[in-house]
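Q: Take a look and give me a structure for this.
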Amino acid sequence: MPSDSTGKTIGVALLVTIVSSILVSMAVVILRPMQEKNIELDKKRNVLLAIGKDVETKNIESEFSKITAVVVDLTKGTPSDYIAPEKYNLKNILKSPETSIVLSKEDDIAGIHVIPRYQLAYLVFKEGKLENIIIPVYGKGLWSTIYGFLALENDFNTVKGLTFYEHGETPGLGGEIENPQWKAIWPGKKIYGDENEIKIEVIKGSVDSRTVDREYKVDGISGATLTSRGVSQLIRFWASDNGFGKYFKNLKGESLSRAK
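A: This next block holds a predicted model:
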């Protein structure tokens, strides 16, 4: 009788485990589309935040629809019709040797090894004239890959804003890259010098009024030297000719406008 009772107990436990596993798997499958939609919505929110628009969740889609997305061929610095912006998927682009680029050790200052040949950019128009451009930026911090968006004015040099939407840096230290006070330092900073060389950098310590070329320097985050350096390097990489540098140069030679 005891052994019979033990067998029943084990059987019930196994049944409960199997049923629970099935329910969990079903929940994952059912919730995945919702999770993916929320992730995409958060990216769009951060694109808007980069240009200073902090909108309610219900208004994100309508505000984002006012922005023009374009796929850029980074090797040429020109728009591409390889894939429609609304169908763009970074992970899929990186999987194919035909649509990705393996970086040399010398070029890989952001620590990402492989980059997409085709990358999204976002154009913001006001009264038919280009006002801002927003580019995705990412690179290695201390513990994680940091993902964000950098917005520039229409001189393709002056920072409009910087946001981060995904990282695994230490809360209270490297995680301070999300601190509004630190992000508020970025607007007005310059990326390129007079000879079009990249000069922007996050320094160790603070920038004061006596700092030489202070418009190219950003305060480092206290206690997070490696994360600060990571942010500095990822910005410099995506502003280089390996990133969007060629595209910026080509845009400077054009008169970009959109019908009102």
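Q: By mean pLDDT, which helix or strand of this protein comes out lowest?
A: Counting by mean pLDDT, DSSP states H and E, the chain has its least confident helix or strand at helix 2-50, which shows a mean of 76.
Q: so after that one, what's the next helix or strand?
A: Downstream of helix 2-50, the first helix or strand assigned by DSSP states H and E is helix 60-64.
Q: Can you list the strands that the helix or strand following that next one pairs with?
A: Scanning forward in sequence from helix 60-64 by DSSP H and E, the next helix or strand is strand 68-73. Strand 68-73 has its sheet partners listed here by DSSP bridges as strand 78-79 (antiparallel), strand 118-126 (antiparallel).
Q: Mean neighbour count, those: which tops it?
A: The highest average neighbour count among the strands paired with strand 68-73, using mean count of other Cβ atoms under 10 Å, belongs to strand 118-126 at a mean of 19. Any C-beta I mention is one placed from the backbone N, CA and C, and that applies to glycine too.
Q: what does it contact?
A: 47, 51, 66-74, 80, 82-83, 85, 88, 90, 93, 99, 130-136, 149, 244, 247, 256-258 (Cβ atoms under 8 Å, 6 or more residues apart in numbering).
Q: what element comes up after it heading to the C-terminus?
A: Counting by DSSP H and E, what follows strand 118-126 is strand 129-140.
Q: rewinding a little: between the strands paired with strand 68-73, which gets nearest to residue 15?
A: For residue 15, the closest of the strands paired with strand 68-73 is strand 118-126, at 48.4 Å, according to Cβ to Cβ.
Q: what's the angle from that closest one to strand 129-140?
A: Inter-element angle recorded for strand 118-126 and strand 129-140: 150 degrees (by axes from the mean of the first three to the mean of the last three Cα atoms, to 10 degrees).
Q: quick revisit: relative to residue 21, which of the strands paired with strand 68-73 is closest?
A: strand 118-126 (38.0 Å).
Q: May I have the residues that are in contact with residue 234?
A: Here residue 234 is in contact with 110, 137, 138, 139, 140, 146 (criterion: Cβ under 8 Å, 6+ apart).
Q: any chance of those in CSV, plus distance to residue 172?
A: Shown next, in CSV, are these (distance: Cβ to Cβ, whole Å):
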residue, distance to residue 172
110, 24
137, 23
138, 22
139, 21
140, 20
146, 16
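Q: ok so, going back, the strands paired with strand 68-73 into JSON lines, with extra columns for distance to residue 213 and mean pLDDT?
A: JSON lines is the format used below for the strands paired with strand 68-73 (distance: least, Cβ to Cβ, whole Å; pLDDT from 0 to 100):
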{"stretch": "strand 78-79", "distance to residue 213": "32", "mean pLDDT": "97"}
{"stretch": "strand 118-126", "distance to residue 213": "27", "mean pLDDT": "96"}
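Q: re earlier: and the two most separated of the contacts of residue 234?
A: The largest separation in those, counting by Cβ to Cβ, is between 137 and 140 at 12.1 Å.
Q: Those two: who's more crowded?
A: residue 137 (24 against 20; other Cβ atoms under 10 Å).
Q: what sits against that one?
A: Here residue 137 is in contact with 147, 148, 149, 150, 234, 235, 237, 238, 243 (Cβ under 8 Å, 6+ apart).
Q: residue contacts, the fourth one?
A: Each residue near residue 150 by Cβ under 8 Å, 6+ apart is listed here: 50, 134, 135, 137, 159, 161, 162, 235, 238.
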